[in-house]
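Q: build the 3D model from these lines:
(chains A and B)
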2 protein chains.
Amino acid sequence: MTQARRGLLIILSSPSGAGKSTLSRRLLAWDDTLSFSVSATTRAPREGEVDGRDYRFLTEAQFRHDVGQGEMLEHAHVFGNFYGSPKAPVEAAIDAGRDVLFDIDWQGAQQIQNSDLGKHTLSIFILPPSIAELRRRLEGRGQDSAAVIAKRMLKSWDEISHWAEYDYVLVNDDLDETNERLKGIIEAARLRRIQQPGLIEHVRNLQLEFEDLQ
Amino acid sequence: MTQARRGLLIILSSPSGAGKSTLSRRLLAWDDTLSFSVSATTRAPREGEVDGRDYRFLTEAQFRHDVGQGEMLEHAHVFGNFYGSPKAPVEAAIDAGRDVLFDIDWQGAQQIQNSDLGKHTLSIFILPPSIAELRRRLEGRGQDSAAVIAKRMLKSWDEISHWAEYDYVLVNDDLDETNERLKGIIEAARLRRIQQPGLIEHVRNLQLEFEDLQ
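A: From the prediction side, this is the model:
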């Protein structure tokens, strides 16, 4: 029996420096039916950033219009810029049985979980093994000032404080192990009843067959 | 980091003949941290049945007393006998990080999912590929009369009609594949936030560490 699957909205949140970007890249390389939700933003492109790959760069007027039309699954105003997740590509993907990965913070996670696609979400929070390790990873990038790192640490704690709003919470002690766990969690979630619209037809066929016997 | 896990209440329901007993046996052989919830009953032991292994055989007075004391997670009256799941062994197991497997029908599943241990349940329904196959398996046992089989078929349909009340629904086309899926679903569910009480302490430690930095 072939069953058309409905895709998942996989929400991956974590404080900056807990390994989320590396884990996201690995997941996308692992399974090509999994695609990344490219965020829309009103901030200016940085050097090397490509429209449609890194972000969808919108004017503030375009962004506000899209929000007004209900075309953003979630959006937020951060440090003077708007960020959001366009809805149309997500709906197209999950209807075609492909999962979409969201690298978003707790505010975005809350909005998506409370949207009309909320029942198809799988939310996972990645915790660092320690704050010292988190700080080390933030410093290790070597590209940010102490002030920026201090600001990120504050934001990290704000993010961590929302850990209990997620279905799964993994402590990223070991990248390979966390990656394997993520894959197992995603594979199991694909089997959830709610992701299997073909079951309704299967049960209808069982019912017809049962009635024929009576 | 060591995390004391909280065990799962794994509810496996299906119509008679869909392969549930075989799948239960395989799961119990797969992982010895998984134990079977032995039902209590007021019906008389059949030949070869051992008290405490196949059932806990109780008098009706004992059974009613236990229900009155809230010592049954679920119970039902079926064909003139009482059946139920004693609560104490389940609580002891899940507090020790061991999962408990329940082979119960939709009525028991509803009661457990709505009990105070409901948040630790993982509910899975096994569907047959077809009614013809279900009937073939029921007849194949060769130990029941046509009347008994007809009665079981009616009960089977009643059971199937509750498929949509379960977290996961698997069509048992292939026993090995269904078994692998069950294992994956259980392994993922063990990682759910709610099964990981150690996370609270981990986050508390992160908070202390963060505050020390301020």
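Q: what residue in chain A comes nearest to chain B?
A: Of all residues in chain A, A:Ala188 sits closest to chain B, at 3.4 Å by Cβ to the nearest Cβ. Every residue, glycine included, has its C-beta placed from N, CA and C.
Q: that residue is in contact with B:Arg190, isn't it?
A: No - look at A:Ala188 against B:Arg190 with Cβ atoms under 8 Å: they stay out of range, at 10.3 Å.
Q: more crowded one of the two?
A: Neighbours of A:Ala188 and B:Arg190, each counted by other Cβ atoms under 10 Å in any protein chain shown, are more numerous for A:Ala188; the result is 22 against 19.
Q: check contacts around that one.
A: With contact set as Cβ atoms under 8 Å, 6 or more residues apart in numbering or on different chains, A:Ala188 has these partners: B:Gly184, B:Ile185, B:Glu187, B:Ala188, B:Ala189.
Q: I figured the last one hits B:Leu8, correct?
A: When you say that, I think you mean B:Ala189. Yes - in this structure B:Ala189 lies within contact range of B:Leu8 using Cβ under 8 Å: 5.6 Å.
Q: A:Val100 - that's part of a strand, no?
A: Yes - under DSSP: H, G, I helix; E, B strand; the rest coil, A:Val100 falls within a strand.
Q: what pLDDT is listed against it?
A: For A:Val100, the model assigns a pLDDT of 98.
Q: what does A:His77 give?
A: 91.
Q: what pairs with it across the strands?
A: In this structure, A:His77 bridges to A:Phe82 when assessed by DSSP bridges.
Q: regarding A:Leu170, what is its secondary structure?
A: Secondary structure assignment for A:Leu170 (three-state DSSP): strand.
Q: let me see the contact set for it.
A: Listed by Cβ under 8 Å, 6+ apart, the contact set of A:Leu170 reads A:Ile124, A:Phe125, A:Ile126, A:Leu127, A:Thr178, A:Arg181, A:Leu182, B:Leu191.
Q: restricted to strands, list these.
A: Those of these mapping onto strands are A:Ile124, A:Phe125, A:Ile126, A:Leu127, per DSSP state E.
Q: below-threshold pLDDT in chain A: ranges please.
A: For chain A, applying pLDDT under 70 flags the ranges A:1-3, A:141.
Q: anything in contact with each of B:Ala189 and B:Leu8?
A: With contacts taken as Cβ under 8 Å, 6+ apart, B:Ala189 and B:Leu8 have B:Leu122, B:Gln195 as neighbours in common.
Q: turn the ones in strands among the contacts of A:Leu170 into TSV, including neighbour count and distance to A:Lys151.
A: Below are the ones in strands among the contacts of A:Leu170 laid out as TSV (neighbours: other Cβ atoms under 10 Å in any protein chain shown; distance: Cβ to Cβ, whole Å):
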residue	neighbour count	distance to A:Lys151
A:Ile124	26	25
A:Phe125	27	21
A:Ile126	22	20
A:Leu127	24	20
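Q: ok, of these, which one's closest to A:Ile94?
A: A:Ile124 (17.1 Å; Cβ to Cβ).
Q: how near is the nearest residue to that closest one once chain neighbours are set aside to A:His65?
A: Once flanking residues are discounted, A:Ile124 sits nearest to A:Tyr168: 4.5 Å by Cβ to Cβ, 6 or more residues apart in numbering or on different chains. Separation of A:Tyr168 from A:His65 (Cβ to Cβ, to the nearest Å): 35 Å.
Q: same question for A:Thr33.
A: Counting by Cβ to Cβ, the gap from A:Thr33 to A:His65 is 32 Å.
Q: again, but for A:Lys20
A: A:Lys20 sits 30 Å away from A:His65, going by Cβ to Cβ.
Q: ok, now A:Gly52?
A: 18 Å.
Q: neighbour count for those two, which is higher?
A: In this view A:Gly52 and A:His65 are compared by other Cβ under 10 Å, and A:His65 has more residues nearby, 12 against 8.
Q: who are the contact partners of A:Asn179?
A: The neighbourhood of A:Asn179, defined by Cβ under 8 Å, 6+ apart, consists of A:Leu23, A:Arg26, A:Leu27.
Q: let's go with 7 Å and repeat that
A: Contacts for A:Asn179 (Cβ atoms under 7 Å, 6 or more residues apart in numbering or on different chains) come out as A:Leu23, A:Arg26.
Q: can you pull the residues of chain A lying near chain B?
A: By Cβ under 7 Å from any Cβ of the partner chain, the part of chain A that sits against chain B consists of A:1, A:127, A:129-132, A:157, A:160, A:163-164, A:166-171, A:173, A:181, A:184-185, A:187-188, A:191-193, A:196, A:199, A:202-203, A:206, A:209-210, A:213.
Q: ok, now with 6 Å
A: A:1, A:131, A:157, A:163, A:168-169, A:171, A:181, A:184-185, A:187-188, A:191, A:193, A:199, A:203, A:206, A:209-210 (Cβ under 6 Å from any Cβ of the partner chain).
Q: filter those down to the buried ones.
A: Buried by 16 or more other Cβ atoms under 10 Å in any protein chain shown: A:131, A:157, A:163, A:168-169, A:171, A:181, A:184-185, A:188, A:191, A:193, A:199, A:203, A:206, A:210, out of those.
Q: for chain A, which segments count as helices?
A: A:20-30, A:60-68, A:88-95, A:106-113, A:131-140, A:146-160, A:175-189, A:198-213 (DSSP state H).
Q: show residues contacting the second one.
A: Just to be clear, that refers to helix A:60-68. For helix A:60-68, the surrounding residues in contact (Cβ atoms under 6 Å, 6 or more residues apart in numbering or on different chains) are A:Thr42, A:Met72, A:His75, A:Phe82.
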